[in-house]
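K.L.:
okay, sequence plus prediction incoming.
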Amino acid sequence: MINKAVIFTVLMAVSAGSLAATEIRDSQMSGMKEKIGNVSVNVKSGTFEEAMAALSKEADAKGAEYYHITSLERTGMSADIRATAVIYK
């Protein structure tokens, strides 16, 4: 529950125009028909915004137009962030 609150807060702080692939919410997933895979990133000593930008870049590299974040978390007590997403055409 805390992870979803953190994700929502971070997503609201990031400008949608700064990311190439478009992040989609749960309510928008019903219209997604072509799942093309998953992406994950590990950002060393980074921020949630940097992890989200890295997810967008990975989604772009795989030809995705949209991505849905499935996890966004700090690993232990470190400043490292791991993030995963499902990508769609």
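P.N.:
Great, that's in hand.

K.L.:
let me know the outermost residue of the chain.
P.N.:
Here the chain reaches farthest from its C-alpha mean at Met77, the gap being 20.9 Å by C-alpha atoms, centre = their mean.

K.L.:
pLDDT weak spots in the protein?
P.N.:
For the chain, the stretches with pLDDT under 70 are 1-19, 25-27, 29-30, 32.

K.L.:
please enumerate the strands of it.
P.N.:
Remark: strands assigned in the chain by DSSP state E are 22-23, 35-43, 66-74, 81-88.

K.L.:
winner for burial among those strands?
P.N.:
Counting by mean count of other C-beta atoms under 10 Å, strand 81-88 has the highest mean neighbour count of those, with a mean of 21. (C-beta placed from N, C-alpha, C; glycine too.)

K.L.:
strand 35-43 and that one, what's the angle between them?
P.N.:
170 degrees (axes from the mean of the first three to the mean of the last three C-alpha atoms, to 10 degrees).

K.L.:
counting by contacts, list what strand 81-88 packs against.
P.N.:
When contacts are defined as 3 or more C-beta pairs under 8 Å, 6 or more residues apart in numbering; DSSP states H and E, strand 81-88 packs onto strand 35-43, helix 48-61, strand 66-74.

K.L.:
and Glu23, which of the ones you listed is closest to it?
P.N.:
Closest approach to Glu23 among these is made by strand 66-74 (5.9 Å; C-beta to C-beta).

K.L.:
about what we covered before: in JSON lines: the strands of the chain, plus distance to Met52.
P.N.:
Compiled in JSON lines, the strands of the chain are given as follows (distance: least, C-beta to C-beta, whole Å):
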{"stretch": "strand 22-23", "distance to Met52": "7"}
{"stretch": "strand 35-43", "distance to Met52": "9"}
{"stretch": "strand 66-74", "distance to Met52": "7"}
{"stretch": "strand 81-88", "distance to Met52": "7"}
